[in-house]
Every structure is written in C-alpha cells, then in structure tokens.
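Undergrad: got a predicted structure here, sequence first:
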Amino acid sequence: MMKQNMRQWIADVIRRKEVTALPVMTHPGIEMNGNTVRQAVSDGRVHYEAVQTLTNRYPTVAAATIMDLTTEAEAFGAEIVFSDEAVPAVVGHCLSNADDIDKLVVPSLSQGRIPAYLKANLLAARSITDRPVFAGCIGPYSLAGRLYDMSELMVLIYENPDAAHQLLSKCTMFIKKYCQALRQTGVGGVMMAEPAAGLLSDSDCKTFSSDYVRYIVDEVQSDDFLVILHNCGNTGHCTKAMVCTGAAAYHFGNKCQMEEVIRDIPPTALAMGNIDPVSVFKDGTPALMRQTVFDLLDKMRDYPNFVLSSGCDTPPHTPSANVDAFFEALDDFNRQ
C-alpha cells in the first residue's frame with residue numbers, strides 16, 4: 001500500500017482556493033447502515049463500514065474513524081458501560097492512590113477493544129484511497145483522568161506531582177505504542193482527543209499535557225503520519241500550550257472563538273473547527289446550520305489553513321438533513 005506524503009497533503013489543503021471540511025462524525029454512518037453504537041465500537045468491520053458509508057456520501061477532505069475516549073482506559077482495566085444508543089462511558093476509576101499508580105502495568109495492544117479499532121483502521125486505509133484516513137486516540141491527560149478520576153487527578157497534580165507525572169508517563173507510553181500500531185495500518189494520521197487538558201491553565205496544560213503529547217508527536221509524526229491535536233475544553237486560554245506540542249494540525253471546540261485561536265496557530269499547520277455538535281448538528285435545523293456555517297466561514301476568510309469542522313464528535317441521532325446542510329452551505333460559500 002502506497003502511503004501519501006501527509007506534509008504535502010497539508011500544503012495542498014492550504015493552497016486550495018476552496019475551504020475544505022472534516023467534521024468529526026461516525027454516528028450518522030452507523031445509523032445509515034442500521035447498526036447500533038454498541039456494534040460499531042465493538043466490531044471493527046461495522047466500525048469501518050460506517051466510515052466508508054460517510055466517505056461515499058460526503059466530500060470530506062479526509063475520512064475519520066470513531067472518537068472513543070474509553071478504548072485506551074478499557075485496555076488499562078477500567079470498567080466500561082455500553083449502550084445501543086449512546087457512546088461508551090467509563091464507570092468509576094481503577095486507581096485511588098500513588099501506590100496504585102506505582103503498581104499500574106502498561107497493557108499490551110491485545111487488551112480490550114484495541115484489536116477491533118486497529119482492524120477498523122486497517123480496513124479503512126485499504127479501502128479509502130481517494131483521501132487520507134485519520135484514526136482516533138485519547139490524549140495522556142484525558143486518559144489519566146479516566147483512570148484516576150478527573151477531579152482527583154487535578155488534586156494529585158498539586159499535592160503529589162511526582163505521582164501524577166508517573167501516571168502520565170505510563171499513559172503516554174501506551175498511547176505512543178498504540179499510535180505506532182495505528183501508523184502500521186496505513187492510515188495518514190491520528191486525531192488525539194485531549195479535552196480534559198482544557199480544564200488546566202496554559203502553564204499547567206503545557207506541563208501535564210503538552211509536554212507528554214510532544215513526546216508522542218516526536219516519536220510518531222512523520223512525512224506519512226500526522227498528529228491532529230483536539231482539545232474541545234480549550235476556551236482560548238491554552239492554545240499556546242497546544243501549539244507547543246508540534247502537532248501538524250489543531251482541532252478546536254465550540255467554546256472558543258475560532259477567529260481568535262487561529263491567530264496562535266502556525267500558518268503551515270491546519271486549524272480545524274468549530275460548529276457546535278449538539279446545539280447545531282444534533283438539535284438545530286438545516287436553516288440554522290447554513291447560517292452558522294456561513295457566519296463562521298465569513299470570519300475565517302483570511303486564513304487559508306482553516307478547515308471547517310464540528311467542534312467535537314457529532315453525537316448519535318444527528319439528523320442527516322443537518323449534515324447535508326453543512327456541506328451544502330460550504331459548497332455555496334465556495335462557489336461565491
């Protein structure tokens with residue numbers, strides 16, 4: 001399988017006259033195929049087929065697999081609750097103190113649903129050849145919070161920073177190993193979801209998230225494999241910490257002003273965002289979607305490195321009419 005030069009792909013996206021789009025969405029494809037969330041997050045082929053269905057229907061600049069923030073935590077031993085209608089969720093936490101962190105073993109890639117996700121990405125990379133495929137993974141701070149409890153982790157980083165760094169190091173080692181395996185499937189990169197880091201100040205975000213993300217980026221990012229850093233918890237206060245990671249692209253949530261955060265992004269990196277996935281994609285109307293897309297695109301006219309996207313993963317039961325309106329509005333804007 002010939003791998004695409006992804007750095008050239010970024011340059012080509014920036015050079016295009018038209019604005020491109022990469023909404024983070026898999027659930028519409030799952031539902032179009034008549035499958036449940038539980039099936040898609042457990043069966044690599046069902047997962048891949050949802051991605052393929054959306055790729056066939058929409059002119060996205062790339063394809064993206066499911067953003068699931070429980071997969072890596074499950075591999076570490078966290079208890080996960082599954083549902084046919086909702087995304088998986090971590091129940092409780094499997095670590096309670098520094099001794100638990102010390103005993104924590106970095107798992108193998110055969111644990112939990114990791115093999116199913118590797119299968120989905122392998123199938124997608126083999127089948128979708130007209131655009132890059134981006135895998136998904138969690139970020140180190142967000143993973144640590146799912147293992148230790150998010151509130152307790154914030155206490156830990158101030159009361160026992162050495163223990164916090166030990167936990168983050170173990171999370172980072174696993175995510176690096178997972179990204180290396182994802183790269184071997186042939187995908188063009190990974191969207192790393194680090195929303196919990198948005199709860200931190202810019203300096204703490206750098207110390208307890210970005211420095212670890214930077215290590216992963218340095219280890220896995222290459223000409224044929226990019227890292228997109230997603231942080232929908234960022235309101236604009238920790239964009240500089242995000243950029244310290246050296247990721248090739250940055251994905252923002254709807255809590256920030258896209259026209260402001262993009263000023264901190266290098267012009268050679270992509271900045272993606274940030275239509276509200278709930279109030280506009282899921283609960284809005286096609287008319288609201290069209291107006292919201294036009295308003296955002298108008299603000300972003302001066303930034304050729306901007307890629308239109310959702311602010312986060314679009315949830316289950318997002319109406320296809322709203323997704324259609326998203327792309328129709330983009331097409332109308334580009335024709336102007």
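TA: Noted; the coordinates are in hand.
Undergrad: need the contact list for residue 75.
TA: Residues near residue 75 by C-beta atoms under 8 Å, 6 or more residues apart in numbering: 107, 109, 111-114, 174. Backbone N, C-alpha and C define where each C-beta goes, glycine included.
Undergrad: now stretch 182-192, how far from the centre of its chain.
TA: How far stretch 182-192 lies from its chain's middle: 12 Å, per C-alpha atoms, centre = their mean, to the nearest Å.
Undergrad: and the contacts of residue 75, which of them are buried?
TA: Neighbour counting over the contacts of residue 75 (16 or more other C-beta atoms under 10 Å) leaves 107, 109, 112-114, 174 as the buried ones.
Undergrad: okay if I get these as JSON lines plus pLDDT, distance to residue 164 and secondary structure?
TA: Output for the buried ones among the contacts of residue 75, formatted as JSON lines (pLDDT from 0 to 100; distance: C-beta to C-beta, whole Å; DSSP: H, G, I helix; E, B strand; the rest coil):
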{"residue": "107", "pLDDT": "98", "distance to residue 164": "20", "secondary structure": "coil"}
{"residue": "109", "pLDDT": "98", "distance to residue 164": "25", "secondary structure": "coil"}
{"residue": "112", "pLDDT": "97", "distance to residue 164": "24", "secondary structure": "coil"}
{"residue": "113", "pLDDT": "98", "distance to residue 164": "27", "secondary structure": "coil"}
{"residue": "114", "pLDDT": "98", "distance to residue 164": "25", "secondary structure": "helix"}
{"residue": "174", "pLDDT": "98", "distance to residue 164": "16", "secondary structure": "helix"}
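Undergrad: the stretch 101-250 of the chain: strands as residue ranges?
TA: Assigned by DSSP state E, counting those that start in this stretch, the stretch 101-250 of the chain shows strands spanning 133-138, 189-193, 226-231, 249-252.
Undergrad: and the helix or strand where residue 321 lies, which residues are buried?
TA: Here residue 321 sits within helix 320-335, counting by DSSP states H and E. Within helix 320-335, the residues that count as buried by 16+ other C-beta under 10 Å are 322-323, 325-327, 329-330, 333.
Undergrad: now for the strands of the stretch 101-250 of the chain, which one comes closest to residue 34?
TA: Nearest to residue 34, of all the strands of the stretch 101-250 of the chain, is strand 133-138, at 22.8 Å by C-beta to C-beta.
Undergrad: quick one: list the elements packing against that closest one.
TA: When contacts are defined as 3 or more C-beta pairs under 8 Å, 6 or more residues apart in numbering; DSSP states H and E, strand 133-138 packs onto strand 63-64, helix 71-75, helix 114-127, helix 161-184, strand 189-193.
Undergrad: try it again at 6 Å.
TA: Contacts defined by 3 or more C-beta pairs under 6 Å, 6 or more residues apart in numbering; DSSP states H and E place strand 133-138 against helix 114-127, helix 161-184, strand 189-193.
Undergrad: okay, buried residues for that strand please.
TA: By neighbour count on 16+ other C-beta under 10 Å, the buried set for strand 133-138 is 133-138.
Undergrad: low pLDDT regions in the chain?
TA: 1-2 (pLDDT under 70).
Undergrad: distance from the centroid: which residue in it tops it?
TA: Checked against the mean C-alpha position of the chain, the extreme residue using C-alpha atoms, centre = their mean is residue 99, at a distance of 31.2 Å.
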